[in-house]
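Undergrad: Pasting a predicted model and its sequence here:
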Amino acid sequence: MTTTRIAGLREKLQQIGVDAFLVTNAVNRRYISAFTGSSGVLLVSQKDSWLLTDFRYMTQAPEQAVDFAVVQHAPKWIDTVKELAVSAGIKRLAFEQDTVVFSEYTAWKSTLGDAVELVPVSGVIEELRLYKDESELAIMRDACKLADDTFQHMLTFIKPGLREREVALEMEMFMRSRGATSSSFDTIVASGERSALPHGVASERVIGSNEFVKLDFGAYYNGYCSDLTRTVVVGKPTDRHRQIYEIVLEAQLAALAGIKPGMTGKEADALARDIITKHGFGDKFGHGTGHGLGMEIHEAPRLSIGGTTVLEPGMTVTVEPGIYLPGFGGVRIEDDIVITATGNSLLTSSPKTLFILE
């Protein structure tokens, strides 16, 4: 697995015109090397691949990063990078500019001096991560099943009188008890008028009767994320509850039916947005229809008004239109999908009927 990823990175080295790549982003480090420790950097050239880490990981690192030469670095790891670079004839060294602060850059430059030129690059490994292979999709399906199972459990748990935080805690405990490392992000439980908050993280609000409860959550499992949103009603829904829910459902189903390779993120977004706008709620849908996900909860590509990336097989994205009415409540329905050669395939499978919980 990592040999293919290293080969992909080496192709990028040729395209960029550098001798080697320095990986300091923790997620990218795990993607390229399979090393899960909390500290370490990768140095990859056309001939060599090194993992520099400290004493704590000198047993773990060789077991996980089997395609890397593991080196215990000096107290300042950049000193070891310089030593390896000089010995290997590395003159131009690319680094991840988006995750490096200026003080780090100046310290590196001071150490490397004229021996090695630092070349800032952006999105190189992230572009490789756009396309999930079968091993990644298998993990993501497991992460999605954890989310689906959690939703089914919550249908038996949610009731009036519970605080939103109690609901969120139950969800997170359920996921962890079944193998999740953690939740993918701060769990959203937003009830009543708070359901109109697109990112209404669970609060002390007590769930009442005859109101929406929006659940947006995911399982972080074996290095990958799932992301699921369902909106239910506690008590009896009004006609307005049903109207808003049905419009969002119509928009989401249309997007799921129409998203396919070759379209841009903007075109995918329009599949849902145009329906919500047609019903007169376009100004109440203020976020994108979806986003990429994988090792991080928000990755490229974006399904949004500004989404220019062309969708291709192997990309994984969310589909999550919503309507948010301040003072009343809101609905979002979200699934995870993978783009296929002919369209897309669902990774999540929770039902989307309007559940009414008494």
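TA: Thanks, I have it.
Undergrad: List the buried residues of the helix or strand hosting Leu118.
TA: Leu118 is located in strand 117-121, with elements delineated by DSSP states H and E. Neighbour-count burial for strand 117-121, with 16 or more other C-beta atoms under 10 Å as criterion, is recorded at Leu118, Val119, Val121. Yep, even glycine has a C-beta here, placed from its N, CA and C like the rest.
Undergrad: Check stretch 42-55 too.
TA: Leu42, Leu43, Val44, Ser45, Ser49, Trp50, Leu51, Leu52, Thr53, Asp54.
Undergrad: now do stretch 125-139
TA: Of the residues in stretch 125-139, those buried (16+ other C-beta under 10 Å) are Ile125, Glu126, Leu128, Arg129, Leu130, Lys132, Glu136, Leu137, Ile139.
Undergrad: any chance of these in TSV, with secondary structure, pLDDT and distance to Leu93 too?
TA: Converted to TSV, the buried residues of stretch 125-139 look like this (DSSP: H, G, I helix; E, B strand; the rest coil; pLDDT from 0 to 100; distance: C-beta to C-beta, whole Å):
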residue	secondary structure	pLDDT	distance to Leu93
Ile125	helix	97	15
Glu126	helix	97	19
Leu128	helix	97	19
Arg129	helix	97	21
Leu130	coil	97	24
Lys132	coil	97	29
Glu136	helix	98	28
Leu137	helix	98	33
Ile139	helix	98	32
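Undergrad: What is the nearest of the residues you listed to Asp274?
TA: The closest of the buried residues of stretch 125-139 to Asp274 turns out to be Leu130 (C-beta to C-beta; 26.0 Å).
Undergrad: wait, isn't the closest one in contact with Arg302?
TA: No: using C-beta atoms under 8 Å, Leu130 is not in contact with Arg302, being 11.7 Å away.
Undergrad: Can you pull the residues that touch both of the two?
TA: Shared contacts of Leu130 and Arg302 (C-beta atoms under 8 Å, 6 or more residues apart in numbering): Gly292.
Undergrad: For whichever strand or helix holds Glu63, buried residues please.
TA: In this structure, Glu63 sits in helix 60-64 according to DSSP H and E. The neighbour-count check on helix 60-64 (16+ other C-beta under 10 Å) flags Ala61, Gln64 as buried.
Undergrad: which residues are in contact with it?
TA: Ser33, Ala34, Phe35, Thr36, Gly37, Gly40, Leu51, Thr53, Phe68, Val70.
Undergrad: quick one on the thing from earlier: please convert the buried residues of stretch 125-139 to CSV, extending it with distance to Glu166.
TA: Putting those into CSV (distance: C-beta to C-beta, whole Å) gives the following:
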residue, distance to Glu166
Ile125, 40
Glu126, 37
Leu128, 41
Arg129, 36
Leu130, 38
Lys132, 35
Glu136, 34
Leu137, 34
Ile139, 30
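Undergrad: Please name the nearest non-neighbouring residue to Arg240.
TA: Phe328 (7.0 Å; C-beta to C-beta, 6 or more residues apart in numbering).
Undergrad: Next, work out how far apart the one you found and Leu346 are.
TA: To Leu346, Phe328 is 30 Å away according to C-beta to C-beta, to the nearest Å.
Undergrad: Which helix or strand contains Glu166?
TA: helix 164-177.
Undergrad: Alright, that wraps it up for me.
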